[in-house]
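*Asks:* 3D model of this:
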Amino acid sequence: MPTPIQNRADKLLLASGSVARRRILQNAGLAFGVEASAVDESCLKKTGQEQNWSPATVALRLAEAKALSVTKPNTLVIGADQMLSCEGIWYDKPEGLNGARQQLLQLRGKTHVLHTAVVLCRNGQILWRHMAEPKLTMRMFSHTFLEHYLSVEAGACLGSVGAYRLEGPGIQLFSHIEGDAFAIQGLPLLPLIAALRDMKVLSD
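*Replies:* Reported below is the predicted structural model:
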């Protein structure tokens, strides 16, 4: 484990059960706790569709709701969420391998956007917000490749909104990627670290 290089008086808490986000923060040398949020994501997404919110707005509202749902006094809470949109259609985490197959076929040969939001809050107050929107273009992969990919990834790809892990075999699905790799994995790390440094949580 990396040695934490932060002010130990400042407690950090990740309001997410995401393994990818946890790994990103651990590899960056941060000491933090984890408490998965109980926010009803489907309800908030439904509200967003009914009120014609942009996918970026939905991602930000979800990140805020997750951070605010965790009440730990004098603790800096990290909330994050991600939406995927392609040609005006929103995509969510696929249900089962058949769902992943259909989703990847719909995204094949197209460019989609990952709207990735991260917020910091303390004592029920949002202190900082950031939105990253990397763009990813899938190549025209063959059906043979797709079936091989799904057999290799199995259930691992089902935890991702795009049915892929960029840090794994999913990278082979793409012809072009524009944007922050950390944001693609679910957490815009460099802006978050800069904000923590500005707040004197991390040493400058």
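
*Asks:* all helices of the chain, in order?
*Replies:* Ranges of helices in the chain, per DSSP state H, are 19-27, 41-50, 55-69, 96-107, 143-153, 181-184, 189-198.

*Asks:* which stretch among those helices comes nearest Gln125?
*Replies:* Gln125 lies closest, by Cβ to Cβ, to one member of the helices of the chain: helix 55-69, at 8.7 Å. For every residue, glycine as well, the C-beta is placed using N, CA and C.

*Asks:* as a whole number, average confidence for the closest one?
*Replies:* The average of the pLDDT scores along helix 55-69 is 94.

*Asks:* can you give me the angle it makes with helix 41-50?
*Replies:* Taking axes from the mean of the first three to the mean of the last three Cα atoms, to 10 degrees, one finds helix 55-69 and helix 41-50 inclined to each other by 140 degrees.

*Asks:* Give me the residues contacting the helix-or-strand element of the chain with minimal mean pLDDT.
*Replies:* One helix or strand of the chain scores below all others by mean pLDDT, DSSP states H and E: helix 41-50, with a mean of 89. When contacts are defined by Cβ atoms under 8 Å, 6 or more residues apart in numbering, helix 41-50 is touched by residues 53, 55, 57-58, 61-62, 65, 81, 90, 92.

*Asks:* how many other residues sit next to Val19?
*Replies:* 10 (other Cβ atoms under 10 Å).

*Asks:* Equivalent analysis for the one 3 residues further on, please.
*Replies:* Taking other Cβ under 10 Å as the neighbour definition, Arg22 ends up with a count of 15.

*Asks:* just checking, it touches Val34?
*Replies:* Yes: contact criterion Cβ atoms under 8 Å: Arg22 and Val34 qualify, at 6.2 Å.

*Asks:* Between the two, which contacts overlap?
*Replies:* Here Arg22 and Val34 have 14, 16 as joint contacts, going by Cβ under 8 Å, 6+ apart.

*Asks:* can you list the weak-confidence ranges in the chain?
*Replies:* Within the chain, the stretches with pLDDT under 70 are 1-4, 8-9.

*Asks:* 80 instead?
*Replies:* The model of the chain has pLDDT under 80 over residues 1-10.

*Asks:* tell me the contacts of the residue nearest to the spatial centre of it?
*Replies:* Against the mean C-alpha coordinate of the chain, by Cα atoms, centre = their mean, the closest residue is Gly186 at 2.2 Å. Neighbour list for Gly186: 18, 20-21, 24, 80, 82, 116 [criterion: Cβ under 8 Å, 6+ apart].

*Asks:* For Asn123, find the nearest of the helices of the chain.
*Replies:* Using Cβ to Cβ, the nearest of those to Asn123 is helix 55-69, at 10.2 Å.

*Asks:* circling back: using PyMOL, define a selection of the buried residues within the contacts of helix 41-50.
*Replies:* Buried members of those, defined by 16 or more other Cβ atoms under 10 Å, are picked up in PyMOL with:
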select buried, resi 53+55+57+58+61+62+65+81
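
*Asks:* Can you give me the separation between the residue of the chain most remote from its centre and Gly162?
*Replies:* Residue farthest from the centre of the chain, counting by Cα atoms, centre = their mean, is Thr144 at 28.9 Å. Computed with Cβ to Cβ, to the nearest Å, the distance linking Thr144 and Gly162 is 21 Å.
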